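Peer 1: dropping the sequence and predicted coords here.
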Amino acid sequence: MIPNTVRKSALLLACVCLTLAVGSPAAEVNLPDIGSPADAVLSKSAEAQLGRAIMREIRASGELVEDPQVTEYINEIGHRIAAQANTEGVHEFSFFVVDSPVINAFALPGGFIGVHTGLLEATRNEDELAGVLSHEVAHVTQRHIARRIHANQRQSILSTAIMLGALLAGAAGASGDAMQGAIAVAQGTSAQQQINFTRANEYEADRIGINALAAAGFDPQGMASFFEVISRGMTPHEYRSPEFLRTHPVSSARIAEARGRARDYAPVHTNDSVTYGIARMRLIVESKDTPEEAVSYFEREAYEYQSDVERYGRAVAYLRAGRNSEANRIFEELASKDPQVIAYHIGLADSLLEMDRASEAMATFERALELFPRNLPLVIHYANALLRVGEPKRAHAMLLDLLNNVPPTPEQVRMIARAATAAGEAAEANYYMAEYYFMVGDLVGGISFLRRALQVPDLDEIQRIRFEARIDFIREFMSEEQLQQLQRARSIG
């Protein structure tokens, strides 16, 4: 007899494969909610739960880009597009960046949308990036995952899961040999039907996405423009998987149709935002294997011929290479020239800190904070600097103020736990670590930290009530198996 945990794991794997591989997903259809076939297969609440479960796995992989300036930008542009889509009934969208040179993007149930660093680097302008994001947003609003599962109901669940799992592996950049091995198991008459359904989704996502793209103020030609980039092989990292394994197959007919649809909208002339350029520059610097390679990349062109964002990239590369005074000069010039760009202030403060000019660095951060209160990237960088110079209490207070007003990521919660630990606030540090574990899906581990918090000497009554209430709340969501694990952990402790 197969153990219950094995069956659950197999079912979860099948669900994950069915979800991610399509590069499509969750939310609301453009029809009255009177019980669609998609709802019968996968409800909106189940989609949201599934999306969160997959996100926990992605976070656990260590492949998420945690740079607050990059993640803040991708969410800013993503939410600008999502605001123009038919998102009624869709859970809050969340956009994230995956550290992978493969040029791809994908959508998960519940409104989670991932962009690979390779894609962001490959785009030639912000309209192209917005075009990709609008396409993925449309996958979510049209509930392509639930519809895909419904269409495949008559096929073997295991065969479908293996096929879609291989597609997911391809999207994540797995080796061709590994994918071919998985595909060989699932090949058959159902394969072409699955792929055709994916292509139908792609055309629908193009149509819906172009409308949102134009409504958000971007050039509606941006989507087709990036399709041409891919089809002509103009990208730095060629995607070498077989055509039918591509999560977003591009053909001349699809490009022509996207061009034709875009012509239905008034022409839009846009300029790239500074934050688009900054995000790309930061990713380019990090993509180089060594600091020297990063510097060489930006020194190919004379400084006087470079744009401000290219000069910014050059300064970031210098900072990575330890050429701090050169970086500082550039950041100082950029911040004086355009004081409304937060990244320039952050770079200036960081370079001063690297030059052991801590008091000047803190003053720079303070001035920037007056201009941009509660700006997430700025606060994260400032808090890191405060921890570095031995001021954890200020770092803790600043992070607490921010994260009480902005939904934090797990890494940001772990950062405030580090600040609380350094400030000698053991109970709160354990509480934050509990929240971190809850966010990554480890309920047993999270409660273990809450129990540690309850054992801290001199715990005040308000803290005790808060921690015990949190334990009681989380226990309501635990399975019988998790409750048994919790009991065993308590008896051992």
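Peer 2: On my side now, so go ahead.
Peer 1: for the chain, name the helix or strand with the lowest mean pLDDT.
Peer 2: In the chain, no helix or strand scores lower on mean pLDDT, DSSP states H and E than helix 4-20, which sits at a mean of 35.
Peer 1: how about the most centrally placed residue in the chain, secondary structure?
Peer 2: With distances taken as C-alpha atoms, centre = their mean, residue 96 lies nearest the centre of the chain, 1.1 Å away. Under DSSP: H, G, I helix; E, B strand; the rest coil, residue 96 falls in the strand class.
Peer 1: show me what contacts it?
Peer 2: 55, 58, 64-65, 71, 74, 112-115 (C-beta atoms under 8 Å, 6 or more residues apart in numbering). All C-beta spots, glycine's among them, are computed from the backbone N, C-alpha and C.
Peer 1: beta-bridge partners for it, please?
Peer 2: Beta bridges link residue 96 to residue 114 when assigned by DSSP bridges.
Peer 1: now do it, the pLDDT please.
Peer 2: At residue 96, the model reports a pLDDT of 95.
Peer 1: what about the closest residue to residue 347 other than its chain neighbours, how many neighbours?
Peer 2: Among residues not flanking residue 347 along the chain, residue 331 sits closest, at 4.1 Å (C-beta to C-beta, 6 or more residues apart in numbering). The tally of other residues near residue 331 (other C-beta atoms under 10 Å) stands at 27.
Peer 1: please apply the same query to residue 287.
Peer 2: Residue 287 has 17 nearby residues by other C-beta under 10 Å.
Peer 1: roughly how far does residue 205 sit from residue 92?
Peer 2: 20 Å (C-beta to C-beta, to the nearest Å).
Peer 1: when the two are compared, which one has more neighbours?
Peer 2: Remark: of residue 205 and residue 92, residue 205 carries more neighbours, 25 against 12, as counted by other C-beta under 10 Å.
Peer 1: the more buried one is in what secondary structure piece?
Peer 2: Under the criterion of DSSP states H and E, residue 205 resides in helix 189-215.
Peer 1: what's downstream of the helix or strand harbouring residue 230, the next helix or strand?
Peer 2: Assessed by DSSP H and E, residue 230 sits inside helix 222-231. Going down the chain from helix 222-231, the next helix or strand is helix 252-262, by DSSP H and E.
Peer 1: only C-alpha atoms, please: export that following helix in PDB.
Peer 2: Taking C-alpha atoms only, helix 252-262 is exported to PDB below (Å, rounded to 0.1, in the frame of the first residue of the first chain):
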ATOM      1  CA  SER A 252       5.500  34.600 -38.600                       C
ATOM      2  CA  ALA A 253       1.700  34.300 -38.600                       C
ATOM      3  CA  ARG A 254       1.600  35.100 -34.900                       C
ATOM      4  CA  ILE A 255       3.800  38.100 -35.300                       C
ATOM      5  CA  ALA A 256       1.700  39.400 -38.200                       C
ATOM      6  CA  GLU A 257      -1.500  39.000 -36.200                       C
ATOM      7  CA  ALA A 258       0.000  40.800 -33.200                       C
ATOM      8  CA  ARG A 259       1.200  43.600 -35.600                       C
ATOM      9  CA  GLY A 260      -2.300  43.800 -37.100                       C
ATOM     10  CA  ARG A 261      -4.000  44.000 -33.700                       C
ATOM     11  CA  ALA A 262      -1.600  46.700 -32.500                       C
END
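Peer 1: could you list the domains of the protein?
Peer 2: Following automatic domain parsing, one finds the domains of the chain at 12-262, 288-372.
Peer 1: rank the ones you listed by mean pLDDT and give me the bottom one.
Peer 2: Averaging pLDDT over each of those puts domain 12-262 lowest, since it has a mean of 69.
Peer 1: my read is residue 456 is in a helix, agree?
Peer 2: No. Looking at residue 456 with three-state DSSP, it is coil, so not inside a helix.
Peer 1: for it, what are its contacts?
Peer 2: Going by C-beta under 8 Å, 6+ apart, residue 456 touches 426-427, 430.
Peer 1: try it again with 10 Å
Peer 2: Contact partners of residue 456, counting by C-beta atoms under 10 Å, 6 or more residues apart in numbering, are 425-431, 463-464, 467.
Peer 1: strands of the chain, residue ranges please.
Peer 2: Ranges of strands within the chain are 94-98, 105-108, 112-116, based on DSSP state E.
Peer 1: now residue 388: closest residue in space, sequence neighbours ignored.
Peer 2: Nearest one to residue 388, counting by C-beta to C-beta, 6+ apart, is residue 353 at 6.9 Å.
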